[in-house]
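1. Give me coordinates for this.
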Amino acid sequence: MDRSLPSAAMPRPSRLPWPLPPPLPLNAEAVRLGDVVCHVAGQGPPLLLVHSVNAAASAHEVRPLLNHWRQTHTVFAPDLPGFGSSVRRQQRYTPRLMTDALHAVSALVQQRCAGAPMGALAVSLGCEFLARAAAERPADYRRLALVSPTGLNGTAARRGAPGSTRAVPGLHAVLTAPLWRRPLFRALTRPGVVRDFLERPWGRKAIDETMWADAVRAAQAPGAEHAPLSFLSAGLFSADVLSLYEALTQPVWASHGVRGDFTDYRGQVHLSSRPNWRFTVFDSGALPYFEHPADFNRQLQQFLHTDDAITAATAATAASAAAVGSSGA
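-> Model prediction:
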């Protein structure tokens, strides 16, 4: 059976064993970069896939993309620090830690792919980490695809101090108190609760059953609570996220769906006029590549392989026209 497809006939056990099974293709290579594990598969131009962040996140979330794109690309899919097969250390998890992990993966890409700049895709909160990495090292990245990017809900322009976060003061200390840290996390990651949380981005009861099973397994790993509790304290959200998005010089394709809890993208008004940004809305939940894989991958293929020289010329022309109009005003 093709594990990339949801199936109502799949069993729904109340408990699943640790450790995680091979999450991606069975022949994917797991490369350890310090505390981070990066799954590598395929041959061809480099493509980075960055998963989202939640109570039970891992590279399993980009499994359909890796299975598709490894046929034509060298795909790099890291488990972010504290998630999946990466080390789950008891520490404060921050955007800086996540960004540095992507810098380490970028160094691996440079080594494996003869220094070629990569295409990159990130999901949800992973988009903020990718944007920071690409803003800091723009030469490493050709093009950025952002799926349901965070930081664009509402109309507020989030241009906080560089490197600042939206952490709620004192909340991390409360959540990580030894007395209830593990019981709290177990309550949040019971199989039924995980299912409820996945139904929110899907916007419906029918979800990807393999992703649910992978998430339940991931939540049972030793130390699985440490990174998610930093997430729950809002310490992984960047207060300067709009500044990060505005700093990107690469072509950016942002997409999102129309169902579920993550459909407020009014903040794109701050970016929609920028010549290097474009937006696509899918008739889906927050993960359109699960629901409309053929259409999503067709559009991603077109985006990744558009001639960069043409794109750069178009962007330069638009920027020049904007500057002339501004001076005339």
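2. Quick check: which element contains residue 105?
-> Assigned by DSSP states H and E, residue 105 belongs to helix 95-112.
3. Show me which positions of that helix end up buried.
-> Of the residues in helix 95-112, 95, 97-102, 104-106, 108-110, 112 count as buried by neighbour count, 16 or more other Cβ atoms under 10 Å. C-beta: built from backbone N, CA, C; applies to glycine.
4. Which of these sits closest to residue 156?
-> Set against residue 156, the nearest of the buried residues of helix 95-112 by Cβ to Cβ is residue 95 (18.4 Å).
5. How about that closest one: what's its closest non-neighbour residue?
-> residue 238 (5.2 Å; Cβ to Cβ, 6 or more residues apart in numbering).
6. Which residues does that neighbour form beta bridges with?
-> residue 165 (DSSP bridges).
7. cool, and residue 30?
-> Going by DSSP bridges, residue 30 forms beta bridges with residue 39.
8. how far away is it from residue 110?
-> Note on residue 30: its distance to residue 110, by Cβ to Cβ, to the nearest Å, is 19 Å.
9. where does the stretch 1-150 of the chain have low pLDDT?
-> Scanning the stretch 1-150 of the chain for pLDDT under 70 picks out the ranges 1-26.
10. neighbours around residue 258, how many?
-> 13 (other Cβ atoms under 10 Å).
11. So what's the predicted local confidence for it?
-> pLDDT for residue 258: 97.
12. With the one 5 residues further on instead?
-> The predicted structure scores residue 263 at 94 on the pLDDT scale.
13. contacting residues for residue 147?
-> Taking Cβ atoms under 8 Å, 6 or more residues apart in numbering, we find residue 147 in contact with 121-124, 127, 254-256, 286-289.
14. Okay, and which of these map to strands?
-> In strands, judged by DSSP state E, the following of those are found: 121-123, 254-256.
15. so can I have CSV of these showing neighbour count and distance to residue 194?
-> CSV is the format used below for the ones in strands among the contacts of residue 147 (neighbours: other Cβ atoms under 10 Å; distance: Cβ to Cβ, whole Å):
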residue, neighbour count, distance to residue 194
121, 27, 24
122, 26, 22
123, 26, 17
254, 22, 27
255, 24, 25
256, 25, 22
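16. Show me the strands in the stretch 201-329 of the chain, by range?
-> Assigned by DSSP state E, counting those that start in this stretch, the strands in the stretch 201-329 of the chain fall at 252-256, 277-281.
17. Most tightly packed of those?
-> Ranked by mean neighbour count under mean count of other Cβ atoms under 10 Å, these are led by strand 252-256, which reaches a mean of 23.
18. Pairing partners for that strand, with directions?
-> strand 141-147 (parallel), strand 277-281 (parallel).
19. Please enumerate residues in contact with that strand?
-> 143-149, 245, 262-263, 265, 268, 271, 276-282, 286, 288, 296, 299-300, 303.
20. Helices along the protein, start to end?
-> All helices of the chain, identified by DSSP state H, fall at 63-69, 95-112, 126-136, 171-175, 181-188, 191-202, 209-219, 226-232, 241-247, 288-291, 293-304, 308-328.
21. before we move on, back to that, closest one of the buried residues of helix 95-112 to residue 168?
-> residue 95 (15.3 Å).
22. okay but that closest one is in contact with residue 130, surely?
-> No. Counting by Cβ atoms under 8 Å, residue 95 stays clear of residue 130, with 10.9 Å between them.
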